[in-house]
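> structure here, sequence nowhere to be found:
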C-alpha cells in the first residue's frame, strides 16, 4: 500500500458551547474566562472523567468530547447540566453561564489526537438546536439510550443541518419529566417585525490598516438599513462585539434577538477591492441573498457610499420576500396588522385587478387593527389605483385610492415605502404631479437606496411625460435591486421614456424585458405593441396587441390613456401607434 489507511472507529461525540460567549467576552473578557475555567475544573472535567470520556479539544467557548458509549455520553451531559443548574441556583454568579450540548453517535476518522467526519459535524449541528441549558441528541443516540438513562425525550422531528446531506431526526432530553432547561437572560426574544444584525466584515487583505475601511462600510450599511422604518436593526456597538471572533449565525440570532444576519468580507489587491456580502436567516442558517462587488479603490469614501447603497437597496426587497414566505407558515388566527399587509403584497405585485381585489380585504383587516398604519394605507391606495385604471375607472375606486394615498403620506413621514405608494397614486389618479414629486423626494430623503421609490417614481414620471427622469430612475432601480419580484416595473419607465424620445428600438427592448419578467402585466404588452408599430414591425405589433386583448378583453386605447392621465405629447403618438397595431379606440 502506498497510502496510509485511514483509522476509523465508532464513537459517541459530545459537542458543547457556552450560550452568549461572544457577548460575555465583550462585556468582561477576564471575568468570563475565569468563570469558565472554574466551571471546567470543578464540574465539567470531573464529570467527563467519571464517565470515561476523552476531551478531544477545547475551543474557547466550547468542547468536543469522545465517549465509547452513548449511555455514558448522555449520562455525563445530564450530570453536567444538573450541576450547572444547582450551581446557578446557589446565586454564585450574577449572570449564569449556560451551555448547549449536542450528542451524536457515528463513524469517526482518527487524525492524531483529533477526530473528524460527519459523526462529529452532526454533533456540532445538533448542539445548535439545543436550548440554553439543554441537551439535544440524534435519533441514533436515542435508540441506544432510551430506557437506560433517567430522562424523557421529546421528538422535535427531522432537521436539515448545514452541510449535512440527509436530514437528521433530533430529540431533546428532559430530566425527571421536566425540562432540562430554564430561561436565560442572554437569549433575547425576536421582535414581531423583521430584525437584522450587520456583523463586522472580515478583513481578508492581511493589512490591518484596511480595518477602518471595513468598519466604516459596515457602519454605513447599519445606518442605511436603520432608515427602513419596518426593519429593526441592531446598533453598531452590539454588532461589533463579534469583531475578530469566529461566530455561528444561529448563536448570534439568539444572543441579539434577530431573525436575519448580514455578514461579509473585504479583500484588497493592488488598487482594487473585492467585497462580498451574504444575508442569512439566523434560525435555519438558510442563505437568502449573496453578492460580490469588484471595484477600483480610487476614492475610498465614494466606494463606501456606492457599496452601501447597493447592499441596502438589494437587501430591502430580499428581506421583504423572506418575510412574506415566513408569514405564509403562520396560523391564520395569529396574524397581526404587519402580517396581513405581507399576505396582501404578493396579490398587489401582480399589478392586475384580480390580485388587487384579493388584497383589499386583507388590508382592510390590517387597518381595523391599526387605523394609522401608513404602509397598509399605501398598499390599499395602490390596490384601488389598479382597479381604477384597469377595471372600469369606477368613481369609488378613484376616491378610495386618493383618500388612502393621502393617509399614507400623512402617517408615513418616516416610511419611504408608504410615501412612495402615496406619491405614485396621487400622481396617477389625482394627477397632482407636484404633490407626487414632493412625496418621492421625501421618500428618498428617508431612504436614498430605495429601489421601490425609483421604480414607482420612475413610472409616475414616465406616464407624466418626463422622459429623461423616467429612464434615469428606471435604470437606478435596476442598479440598486436587480433581483426583485417587481423587477418588471423597472423597464416600464425605460420603455416610456425611450418611446417619447423616439428611440423605438430601445423602447421595444425595455418592454420586452418587462414582459419576460411578468408576462401577465397588460401595460408591458401595450408599450411593446406601440414601440414595434413605430419601428415599422407591424406583424409583431399586431401579435403584441393580441396579447393585450387576451389579458384584458375590455381594453381600449382611450381608456388606457385616460386611466393613466397621459398628457397629449405622449398620448397622441402612443394612440396612433396602438391604432396601427390594431387595438380598439
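Cool, the structure landed. Please read these numbers as outputs of a predicted model, since none were measured by experiment.

> give me the domain ranges for the protein.
Following automatic domain parsing, one finds the domains of the chain at 7-179, 195-316, 330-448, 456-585.

> want to throw these into JSON lines with mean pLDDT, mean neighbour count and distance to residue 323?
All C-beta atoms are positioned from the backbone trio N, CA, C, and that covers glycine. Shown next, in JSON lines, are those (pLDDT from 0 to 100; neighbours: other CB atoms under 10 Å; distance: least, CB to CB, whole Å):
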{"stretch": "domain 7-179", "mean pLDDT": "83", "mean neighbour count": "18", "distance to residue 323": "20"}
{"stretch": "domain 195-316", "mean pLDDT": "82", "mean neighbour count": "18", "distance to residue 323": "8"}
{"stretch": "domain 330-448", "mean pLDDT": "92", "mean neighbour count": "21", "distance to residue 323": "6"}
{"stretch": "domain 456-585", "mean pLDDT": "92", "mean neighbour count": "21", "distance to residue 323": "12"}
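
> how about those in a markdown table, adding distance to residue 324?
A markdown table is the format used below for those (distance: least, CB to CB, whole Å):
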| stretch | distance to residue 324 |
| --- | --- |
| domain 7-179 | 21 |
| domain 195-316 | 12 |
| domain 330-448 | 5 |
| domain 456-585 | 9 |
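
> closest to residue 322 out of those?
domain 195-316 (5.2 Å; CB to CB).

> the closest residue to residue 282 other than its chain neighbours: which element?
In this structure, residue 282 finds its nearest non-sequential neighbour in residue 253, 2.5 Å apart by CB to CB, 6 or more residues apart in numbering. Here residue 253, judged by DSSP states H and E, is contained in helix 249-256.

> how far off centre is that helix?
The chain centroid and the centroid of helix 249-256 are separated by 15 Å under CA atoms, centre = their mean, to the nearest Å.

> now swap in stretch 467-485 and tell me
21 Å.

> state the number of residues packed around residue 329.
By the criterion of other CB atoms under 10 Å, residue 329 has 6 neighbours.

> quick one: list the elements packing against the strand or helix carrying residue 417.
Following DSSP H and E, the helix or strand that holds residue 417 is helix 416-425. Where contact means 3 or more CB pairs under 8 Å, 6 or more residues apart in numbering; DSSP states H and E, helix 416-425 is packed against helix 374-390, helix 395-411, helix 433-446, helix 451-463.

> now the element after the last one, going C-ward?
Right, the one you point to is helix 451-463. Heading C-terminal from helix 451-463 (DSSP H and E), you reach helix 467-480.

> and that following helix, what other elements does it pack with?
By 3+ CB pairs under 8 Å, 6+ apart, helix 467-480 packs against helix 300-328, helix 451-463, helix 488-500.

> element containing residue 193?
For residue 193, there is no host helix or strand (DSSP H and E).

> how close does it get to residue 342?
Distance, residue 193 to residue 342, using CB to CB, to the nearest Å: 10 Å.

> what sits against the residue positioned nearest the centre of the chain?
Nearest to the geometric centre of the chain sits residue 319, at 2.8 Å (CA atoms, centre = their mean). Under the criterion of CB atoms under 8 Å, 6 or more residues apart in numbering, the neighbours of residue 319 are 194, 196, 231, 260, 279, 288.

> who does the one helix or strand the second one maps to pair with, and is each partner parallel or antiparallel?
Using DSSP H and E, residue 196 sits within strand 195-198. According to DSSP bridges, strand 195-198 has the following sheet partners: strand 232-233 (parallel), strand 260-269 (parallel).

> re earlier: ok, residues contacting the helix holding residue 253?
With CB under 8 Å, 6+ apart as the test, helix 249-256 has contacts from 17, 19-23, 128, 132, 186-188, 190, 197, 199, 234, 238-239, 242, 258-261, 263, 280, 282-283, 285.

> need the helices for the stretch 101-250 of the chain, in chain order.
Using DSSP state H, counting those that start in this stretch, the helices found in the stretch 101-250 of the chain span residues 118-127, 139-145, 211-226, 236-239, 249-256.

> out of these, which gets nearest to residue 426?
It's helix 211-226; of the helices of the stretch 101-250 of the chain, that one is closest to residue 426 (CB to CB) at 26.4 Å.

> quick one: contacts of that closest one?
With contact meaning CB under 8 Å, 6+ apart, helix 211-226 is reached by 196, 198-203, 231, 233-236, 239-240, 243, 262, 266, 273, 275, 300, 304-305, 307-309, 311-312, 315, 447-449.

> kindly report the same for stretch 25-43.
Residues contacting stretch 25-43 (CB under 8 Å, 6+ apart): 18, 21, 24, 61, 80, 83-84, 87, 93, 97, 241-242, 245.

> which members of those define the maximum pairwise distance?
For the contacts of stretch 25-43, and using CB to CB, no pair is farther apart than 83 and 242, which are 29.3 Å apart.

> ok, back up a step: and which of the contacts of residue 319 is nearest residue 154?
Nearest to residue 154 among the contacts of residue 319, with distances taken as CB to CB, is residue 260, at 27.7 Å.

> from residue 230, how far off is the closest one?
13 Å.

> and for residue 478?
The value you get for residue 478 to residue 230, if CB to CB is used, is 23 Å.

> go on, residue 43?
46 Å.

> likewise for residue 467?
The value you get for residue 467 to residue 230, if CB to CB is used, is 33 Å.

> ok, now residue 404?
18 Å.

> in a strand, that's where residue 544 is, yeah?
No: applying DSSP: H, G, I helix; E, B strand; the rest coil, one finds residue 544 to be helix, outside a strand.

> isn't it right up against residue 581?
Yes: with contacts counted by CB atoms under 8 Å, residue 544 reaches residue 581, the gap being 6.7 Å.

> who touches both of those two?
529, 532.

> in terms of helices and strands, where is residue 363?
helix 353-369.

> got the angle between that helix and helix 395-411?
50 degrees (axes from the mean of the first three to the mean of the last three CA atoms, to 10 degrees).

> show me how far stretch 480-489 is from its chain's centre.
In terms of CA atoms, centre = their mean, the centre of stretch 480-489 is found 15 Å from the chain centre.

> quick one: contacts of stretch 298-308?
So stretch 298-308 is contacted by 213, 216-217, 220-221, 223-224, 271, 273, 275, 293, 295, 297, 449 (CB under 8 Å, 6+ apart).

> before we move on, back to that, among the helices and strands packed on helix 416-425, which is nearest residue 10?
helix 451-463 (53.8 Å).

> packing partners of that closest one?
Other elements packing on helix 451-463 under the criterion 3+ CB pairs under 8 Å, 6+ apart are helix 300-328, helix 416-425, helix 433-446, helix 467-480, helix 488-500.

> and it with helix 488-500, angle?
Going by the same axes, to 10 degrees, helix 451-463 makes 30 degrees with helix 488-500.

> circling back to that earlier point, contacts for the strand holding residue 196, please.
218, 221-222, 225, 231-234, 238-239, 252-253, 256-262, 279, 315, 319.

> go with 6 Å
Strand 195-198 is touched from outside by 218, 221-222, 232-234, 239, 256, 258-262, with contacts defined as CB atoms under 6 Å, 6 or more residues apart in numbering.

> lovely, talk soon.
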